[in-house]
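Trainee: 3D model of this:
(one chain, ligands or ions: 1)
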Amino acid sequence: MFATVMIAGLLSGCVDMTTTPPVDSRPQSQPVSAPVSRSGSVTVSDFANVVARVEPVAERECRARTSGANCDFKIVVETDPKAPSNAWQSLDASGRPVLTFTVALIADVQNTDELAFVMGHEASHHIAGHLARTEQTAITGALLGGVLIAAIGGDASTIETAQNIGATVGARSYSKSYELEADQLGTVIAYHAGYNPVRGAAYFTRIPDPGDRFLGSHPPNAQRIETVRRTMATL
Ligand SMILES: [Zn+2]
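Mentor: Okay, the predicted model is just below:
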């Protein structure tokens, strides 16, 4: 039932809601001091609100921390109801950063703080250049026309395939240090978007223990939450 009301297709963080608009047309900009912080479940309009609040902050941090990077985040929902609970960052054919959330993940989060934190975390992977750095480590020296094709996986069809694989096998494997770095910057983004990152990081206490094969590269949950708390103390 959740999937039937989910916004089909693309929900853009930069306002071009290219498909069906949210059924609920509550105002999408809330005062920073009073974020929509709901518990128990996250609705379509909650998701749209989190996008509307987090994307501009992520974009601002991206522009401040990078030079010349594409910071125009597109935030999309993978509507396949069979796709496992997951979120990931990728690049589209034009190099635009895409943050994808499956409907299963949106159903899993307990409140908008968790959703905002995961969104900030995924945006941070892009801001910190983790995708490119990971690919560059895996495939070195592949130069084509002055562009490191390894950084984005090549042409559009290659990227499409990569996204499909991401949706199938679960989280992309980043190193633990990259994950902690994304947690740290994700804390900053979620906080400045008006959410509670410590509450948001509680999401990690419910995901599978990082010993399994998909999450084997992830740091222990306690270490991630500690990173969030330490970062919060500096804000
Ligand atoms: Zn991550």
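
Trainee: R229 contacts V198, doesn't it?
Mentor: Yes: applying CB atoms under 8 Å, one finds R229 in contact with V198, separated by 6.1 Å. Quick note: C-beta positions are derived from backbone N, CA and C, even for glycine.

Trainee: residues near the closest residue to D92 other than its chain neighbours, how many?
Mentor: Sequence neighbours aside, V98 is the residue nearest to D92 in space, at 5.3 Å (criterion: CB to CB, 6 or more residues apart in numbering). Other residues lying near V98 total 20 when counted by other CB atoms under 10 Å.

Trainee: so V98 touches A87, yeah?
Mentor: No: contact criterion CB under 8 Å: V98 and A87 do not qualify, at 11.0 Å.

Trainee: one step back: so between R229 and V198, which is more surrounded?
Mentor: It is V198, of R229 and V198, that has more neighbours when counted by other CB under 10 Å, with 17 against 13.

Trainee: can you tell me the helix or strand for the more buried one?
Mentor: Applying DSSP states H and E as the criterion places V198 in helix 197-200.

Trainee: same for the lengthiest helix in the chain, what does it pack against?
Mentor: When the chain is parsed with DSSP state H, its longest helix is helix 44-65. Under the contact definition 3 or more CB pairs under 8 Å, 6 or more residues apart in numbering; DSSP states H and E, helix 44-65 sits against strand 10-11, strand 74-78, helix 112-127, helix 176-192.

Trainee: can you put these in TSV and add mean pLDDT?
Mentor: Formatted as TSV, the helices and strands packed on helix 44-65 follow (pLDDT from 0 to 100):
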stretch	mean pLDDT
strand 10-11	38
strand 74-78	92
helix 112-127	96
helix 176-192	94
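
Trainee: quick check: phi and psi on N86?
Mentor: Main-chain torsions, N86, degrees, to the nearest 10: phi -170, psi 160.

Trainee: for the closest residue to it other than its chain neighbours, what are phi and psi?
Mentor: Closest residue in space to N86, ignoring its immediate chain neighbours: T102 at 5.1 Å, by CB to CB, 6+ apart. Main-chain torsions, T102, degrees, to the nearest 10: phi -80, psi 160.

Trainee: and the residue nearest to D92, what element?
Mentor: Secondary structure from DSSP H and E places V98 in strand 97-102.

Trainee: how far off helix 44-65 does that strand point, in degrees?
Mentor: Inter-element angle recorded for strand 97-102 and helix 44-65: 150 degrees (by axes from the mean of the first three to the mean of the last three CA atoms, to 10 degrees).

Trainee: report the buried residues of whichever helix or strand comes after the helix holding V198.
Mentor: As assigned by DSSP H and E, the chain's next helix or strand after helix 197-200 is helix 221-233. Buried residues in helix 221-233, counting neighbours by 16 or more other CB atoms under 10 Å, are found at 221, 224-225, 227-228, 231-232.
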